[in-house]
Each structure stands twice: as C-alpha cells, then as structure tokens.
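1. fold the following.
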Amino acid sequence: MLNVKNITVEYDERPVVEDFSLEMGEGEIVSLVGESGSGKTTVIRAILGLLPEGGEVTRGEIFFDGKSLLDCPKKDLIAMRGRDMSMIFQDCGAMIDPTSTIGSQFIEYIRTHEKMGKREAYDRAAKMLTAMRLPDADNVMHSYPFQLSGGMRQRVGIAMAMTFEPKLLLADEPTSALDVTTQGQIIRQMMDMYKEHKTSIIIVTHNLGVAAYMSDQILVMKGGKVVERGDREKILHHPEDPYTVNLLDSIPKMDGEVYVEY
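-> Here you go, the predicted structure:
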C-alpha cells in the first residue's frame with residue numbers, strides 16, 4: 001500500500017533525513033520514535049507532500065497504491081489529501097481558523113472533497129464528532145475553536161481526518177499537548193476507528209508506551225536516519241542499537257520494573 005524507498009530530504013541542500021525506507025500494508029500501524037529533530041515529522045510531511053518551504057525530497061521514491069507521489073501532478077495530490085491520505089497534526093487547534101465556527105470549517109472541508117449539500121455535509125460532520133465521543137455535536141458545530149478545550153479540538157481534528165475513511169492516516173504527536181487521561185481516550189478512539197475502517201496509520205510519538213500499544217512495526221530514528229526497526233517485541237525486549245537501549249532506559253521505573261504495556 002505504501003512503499004518509501006531510500007528517500008533523502010534536504011532543506012537548503014542540507015540533508016535532514018537520509019536513506020529512509022518503509023514498506024507497509026493495508027491495516028498496519030507503524031510508529032516512528034526518537035528524539036526531537038530526528039526527522040520523524042519530516043518523513044510524514046514528505047509522504048503527504050507538505051514539506052515546509054525549502055524542503056525537498058532529493059533522492060528516492062514514494063509509492064502509494066502503486067502510484068508515485070513524487071511524480072504525481074499537484075492537483076491529483078491535493079485530491080488525495082483528505083480522502084485517501086489524511087493527517088492529524090500535533091496541535092489541531094493551531095490548524096483550525098479561530099475566526100470561523102467548527103461547523104463552517106468542517107462543512108467546507110467535506111464539500112471540498114465531495115459534492116453534497118450543506119445540510120448533508122452538516123449531518124455527516126456531526127456524526128463524525130459524535131463518533132469521537134464529543135458531547136452535544138450540534139453545540140460543537142456552532143462553537144468557535146477558543147470555546148473548546150485542547151482535548152476537544154484534538155478530537156475535532158481526528159474527526160475531520162477520518163471523515164472519508166482514508167487508507168492512510170499520518171499522525172504527528174497527536175496526544176503530546178494533552179493531559180494523561182485525555183491522551184488515553186484519544187489513543188483508544190484512534191484504535192477504535194482503525195479497527196472499524198482498517199486504516200493504515202503512521203504515528204510519530206516520543207511515547208514508547210503509545211508505540212508499544214498501537215504498533216505492528218516500530219522504527220527508531222536518530223539524526224535523520226533509522227537506527228533500528230522491528231516489531232514491538234523486538235524493540236522493547238531485544239533492542240540491538242545502543243540508542244534504542246538508551247531510549248528504553250529513559251522510561252520511568254518502579255521497583256526496578258519498566259512499565260510499558262501493550
């Protein structure tokens with residue numbers, strides 16, 4: 001379904017990701033873990049074609065459903081975003097227009113990707129908000145972003161990203177700005193949506209507990225390179241690279257036990 005072959009990403013001719021490869025199938029979850037600046041977010045932005053100004057994939061190939069994303073016409077790539085591929089940003093609140101209601105933005109988003117009337121789009125948006133366990137979807141639709149909590153705004157972002165049941169969901173630290181209780185709720189809801197729609201997910205996270213709970217594959221990144229990859233059993237219990245060992249050693253312990261459950 002997704003095949004990333006030896007890509008290098010540069011900013012102003014300076015490589016920030018080098019020789020990155022990933023192959024994943026339908027209904028698979030992959031976690032990218034590692035310290036800040038290791039290139040995790042750059043990878044998923046490169047896949048979606050949303051690198052910031054100055055960023056460029058200078059080597060390698062990216063294929064999605066057999067189509068080259070790097071050679072894809074811009075209008076076709078834009079059409080794929082939101083329908084076939086979606087992204088949950090680290091702070092969805094920052095990506096929402098503060099001057100418009102949630103409903104007006106959600107309706108516009110739906111009608112951009114599918115021809116339907118405003119009433120039908122409203123009902124679809126409200127249904128997605130309800131699926132994310134947001135209380136009183138009608139009230140949320142008529143609210144401005146500043147009237148919602150951080151957790152509620154994040155749920156809105158996830159609801160929008162999942163509206164068209166994308167084949168691939170890219171999640172960039174989707175719970176990092178939330179309290180622990182809300183983090184757990186968001187992750188469980190993402191897993192519920194994954195099970196219902198068989199969506200493949202790439203999640204960027206610093207939290208090895210989240211990676212262990214969600215993932216089929218875990219890729220450990222440092223300095224723009226993958227230093228280790230494997231299933232969660234291998235990464236958590238049989239790490240080989242010293243950096244992976246150090247990451248695991250950074251997890252809080254109680255009575256000598258490391259508490260990473262999955």
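2. which parts of the stretch 51-200 of the chain are strands?
-> Secondary structure of the stretch 51-200 of the chain (DSSP state E, counting those that start in this stretch): strands located at 55-64, 67-68, 85-88, 168-172, 200-204.
3. who does the shortest one pair up with?
-> Using DSSP bridges, the strands paired with strand 67-68 in its sheet are strand 55-64 (antiparallel).
4. rebuild the strands of the stretch 51-200 of the chain as CSV, extending it with mean neighbour count and mean pLDDT.
-> For every residue, glycine as well, the C-beta is placed using N, CA and C. Compiled in CSV, the strands of the stretch 51-200 of the chain are given as follows (neighbours: other C-beta atoms under 10 Å; pLDDT from 0 to 100):
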stretch, mean neighbour count, mean pLDDT
strand 55-64, 17, 96
strand 67-68, 12, 94
strand 85-88, 24, 90
strand 168-172, 23, 93
strand 200-204, 25, 94
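5. name the residues of stretch 156-175 that come out as buried.
-> By neighbour count with 16 or more other C-beta atoms under 10 Å, stretch 156-175 contains the buried residues 156-164, 166-175.
6. what about that stretch, start to end distance?
-> Terminal residues of stretch 156-175 lie 13 Å apart, using C-alpha to C-alpha, to the nearest Å.
7. quick one: distance of it to the chain centre.
-> Stretch 156-175 has its C-alpha centroid displaced from the chain centroid by 7 Å (C-alpha atoms, centre = their mean, to the nearest Å).
8. now stretch 144-164
-> So, by C-alpha atoms, centre = their mean, the centroid of stretch 144-164 is 14 Å from its chain's centroid.
9. and the end-to-end length of that stretch?
-> OK, stretch 144-164 end separation, C-alpha to C-alpha: 23 Å.
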